[in-house]
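Colleague: task: produce atomic coordinates for the following.
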Amino acid sequence: MENINNVTEFILLGLSQNKTNKSLCFLIFLFCYIAIWMGNLLIIISISCSQLTGQPMYFFLNYLAFSDLCYTSTVTPKLLTDLLKERNRISYASCMAQLFAMHVFVGGEIFILTIMAYDRYVAICKPLHYTVIMSRRRCHVLVFACCTGAFLHSFAQSLLTINLPFCGPNEIDHYFCDVYPLLKLACTDTYSVGILAVANSGMIGLVNFVVLMLSYFLILYTVRVHPAKSRSKALSTCSSHITVVVLFFVPILYIYIRPAATSPEDKVFALFYTIFAPMFNPLIYTLRNTEMKNAMRKVWCHNPLFTGRQME
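Modeller: Prediction:
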């Protein structure tokens, strides 16, 4: 089939067409975006400037915070500017670039969260072999594997979309470019493409979620025979990660695990993993983490660089 594409730009319908709602959403999401940058930069700097960077758990947390900043920045700035305009346009090339970047960083986030669950499993279930299994070299290899997997996932999604012909309506019922809303606009039968898109995104999300749940099932099974104090410490370490996983994975699975179709609720669910999850992640990982709070205190309260005191 010849790829006939008469569309040079798309119109994003966004979250609402009501001016009052758009103004309110702008203020809320601007606050969220500032909080995302402040919170995740706080984590990155605190870990990088402390001894925590040598621990695998915080090594991966650093990458998680960086991933949060990257994928929310592919969507949120455009969303904020569109909330101030009457008509929200995005060029075809920019739309494809946004789709690719979004799936790269979200895919990386999925893989990083899975590796963090594996790290907790090794730390709790195989403590004597932890330093050998989670060596620095192994950590770098796992992060490289995450980046490679995310790139391949995004490349496949982009390849499926960029070959579609667009010759009719160009209004995307979303606030960013994604595969399913674009499939709806294609002027050809997209059933087979939709199946491939679900197999790619949906299965990656589902398989990683199953691996995550299996890791925590094994952790719970292992700690059941531990003393109450040790069990409480192990569960406290994992609770933050489980909260992040639920907040991030549930909306993704809702959107991508079902047949390729769109609904008005998708935009609301997408807000959870594009804006709310990266905003709450720093709070979740710091409020109940004593090591993280101590590191932040040392970096920000006792470091002359930040306090302004000169070294004696």
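Colleague: please report the distance of Ile44 from Met296.
Modeller: Using C-beta to C-beta, to the nearest Å, Ile44 is found at 11 Å from Met296. All C-beta spots, glycine's among them, are computed from the backbone N, C-alpha and C.
Colleague: swap in Leu52?
Modeller: Distance from Leu52 to Met296, counting by C-beta to C-beta: 10 Å.
Colleague: just for the stretch 1-150 of the chain, where's the confidence low?
Modeller: Along the stretch 1-150 of the chain, segments meeting pLDDT under 70 span 1-5.
Colleague: got any residues that touch both of Ile44 and Met296?
Modeller: Common neighbours of Ile44 and Met296, using C-beta atoms under 8 Å, 6 or more residues apart in numbering, do not exist here.
Colleague: now for Leu52 and Met296: what residues contact both?
Modeller: By the contact definition C-beta under 8 Å, 6+ apart, Leu52 and Met296 are jointly contacted by Ser46.
Colleague: which of these two has more residues huddled nearby?
Modeller: Between Leu52 and Met296, counting by other C-beta atoms under 10 Å, Leu52 is the more crowded of the two (23 against 20).
Colleague: touching, that one and Tyr58? I think so.
Modeller: Yes - between Leu52 and Tyr58 there is a contact at 4.0 Å, judged by C-beta atoms under 8 Å.
Colleague: now the strands for the stretch 151-300 of the chain?
Modeller: For the stretch 151-300 of the chain, applying DSSP state E, counting those that start in this stretch gives strands covering 171-172.
Colleague: where do the helices sit along it?
Modeller: All helices of the stretch 151-300 of the chain, identified by DSSP state H, counting those that start in this stretch, fall at 179-185, 191-197, 203-223, 228-256, 265-271, 277-287, 290-301.
Colleague: nearest to Leu84 among those would be which one?
Modeller: Judged by C-beta to C-beta, the one of the helices of the stretch 151-300 of the chain that comes nearest to Leu84 is helix 265-271, at 18.0 Å.
Colleague: export the closest one as CSV, just CAs?
Modeller: This file holds the C-alpha atoms of helix 265-271, laid out as CSV (Å, rounded to 0.1, in the frame of the first residue of the first chain):
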residue,chain,number,x,y,z
GLU,A,265,-10.7,8.6,30.3
ASP,A,266,-7.3,7.9,28.7
LYS,A,267,-6.3,11.6,29.0
VAL,A,268,-7.1,11.5,32.7
PHE,A,269,-5.2,8.3,33.3
ALA,A,270,-2.2,9.5,31.3
LEU,A,271,-1.9,12.5,33.7
